[in-house]
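*Asks:* Sharing a model prediction with you, sequence too.
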Amino acid sequence: MAMLKDHGNEIWIVILTTGNVGTQDPKLSRNDLARIRREEELAALKELGIPEDHYINLGYDDGMLEFQDRKEVVAELVRKIRQYRPDVLLAFDTGPGYMRWHKSDHRAAAFLAADATRAAMWRLLFEGQILQEGLEAHQIPEFLFFDTPEPNTWVDVSPYIEQKVRAGMKYVSQWGPGWKEYKGPHLSAEEAKAMEQRIRARLRTRDGKFVEAFRYYKGLPDGMGK
């Protein structure tokens, strides 16, 4: 995302849940965790150069996305697609793998995004958005699916790797000591070192370069794809 931003692209972030469940700290309430996650997300995006007003959270409960009204969620995603009219959509991969069965929200988000991109191109689907809100149908021409077990595209992000690590360091409640006992966003030198090591251990390399892996998909004018 930092690379895309540096190349003059406008980045919009749409997150479906508040992240208000994912903790092992028994003292955190849902409201507290939702607030913390939002602060972490915004701090990470700031590291990547993405402004706060380009962050949208639809506010669904963490871990319960697959039980929401599917039509309602798709309609809201279609609205965002028609508002922002993206050239490229990045989303969780809908393919097989650990994330599909263990991470229910990731799985649900992947299919909701796929369904919304299909619906957004047809003006007679959710046509109230067109007739009453002044939006227009929009077909997204390209897709980059992340967390994929079947990558076919690797992007060299070596110049941005320290930015990636700094952004990752903002997620204290997920990747740091805050996972079990949240004491705030500030870490001791020892805690910060351990968290940074954990983040760096997950960095992906290919041919000696740091990369992000995607399953790239290009849509065709007739609505089919390859």
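*Replies:* Sure, I can see it. Numbers count the residues shown, from 1 in each chain.
*Asks:* This protein: helices as residue ranges?
*Replies:* Taking DSSP state H as the test, the helices found in the chain are 2-6, 30-48, 70-84, 98-102, 104-120, 128-131, 161-168, 172-175, 189-201.
*Asks:* Which positions within the third one qualify as buried?
*Replies:* So that's helix 70-84. Across helix 70-84, burial judged by 16 or more other C-beta atoms under 10 Å covers 73-82, 84. The C-beta positions use only the backbone N, C-alpha and C, and glycine is treated the same way.
*Asks:* As JSON lines, the residues you listed with pLDDT would be great.
*Replies:* JSON lines is the format used below for the buried residues of helix 70-84 (pLDDT from 0 to 100):
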{"residue": "73", "pLDDT": "98"}
{"residue": "74", "pLDDT": "98"}
{"residue": "75", "pLDDT": "98"}
{"residue": "76", "pLDDT": "98"}
{"residue": "77", "pLDDT": "98"}
{"residue": "78", "pLDDT": "98"}
{"residue": "79", "pLDDT": "98"}
{"residue": "80", "pLDDT": "98"}
{"residue": "81", "pLDDT": "98"}
{"residue": "82", "pLDDT": "98"}
{"residue": "84", "pLDDT": "98"}
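*Asks:* So, low pLDDT: which residues of this structure?
*Replies:* Residues of the chain meeting the criterion pLDDT under 70: 97-102, 220-226.
*Asks:* could you dump the helices of the chain to TSV with distance to residue 17?
*Replies:* Putting those into TSV (distance: least, C-beta to C-beta, whole Å) gives the following:
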stretch	distance to residue 17
helix 2-6	24
helix 30-48	9
helix 70-84	11
helix 98-102	15
helix 104-120	6
helix 128-131	23
helix 161-168	19
helix 172-175	13
helix 189-201	22
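*Asks:* Go through those helices and name the closest to residue 219.
*Replies:* Residue 219 lies closest to helix 104-120 among the helices of the chain, at 8.3 Å (C-beta to C-beta).
*Asks:* ok, and what's touching the closest one?
*Replies:* With contact meaning C-beta atoms under 8 Å, 6 or more residues apart in numbering, helix 104-120 is reached by 16-17, 62-63, 65-66, 70, 73-74, 77-78, 81-82, 89, 91-94, 99-101, 125-126, 137-140, 143, 145, 147.
*Asks:* Run the chain-centre distance for it.
*Replies:* 12 Å (C-alpha atoms, centre = their mean, to the nearest Å).
*Asks:* Over to stretch 77-97?
*Replies:* Computed by C-alpha atoms, centre = their mean, the chain-centroid distance of stretch 77-97 equals 10 Å.
*Asks:* Repeat that for stretch 179-192.
*Replies:* Remark: stretch 179-192 is offset 24 Å from the chain centroid, using C-alpha atoms, centre = their mean.
*Asks:* for stretch 68-79, same thing?
*Replies:* 17 Å.
*Asks:* Not counting its own residues, what contacts that stretch?
*Replies:* With contact meaning C-beta under 8 Å, 6+ apart, stretch 68-79 is reached by 14, 16, 58, 60, 65, 112-113, 115-116, 119-120, 125-126, 129, 133, 135.
*Asks:* ends of stretch 202-217, how far apart?
*Replies:* 25 Å (C-alpha to C-alpha, to the nearest Å).
*Asks:* quick one: buried residues of that stretch?
*Replies:* 210-215, 217.
*Asks:* Quick check: the two most widely separated of those residues?
*Replies:* Using C-beta to C-beta, these reach their maximum pairwise distance at 210 and 217, which is 23.3 Å.
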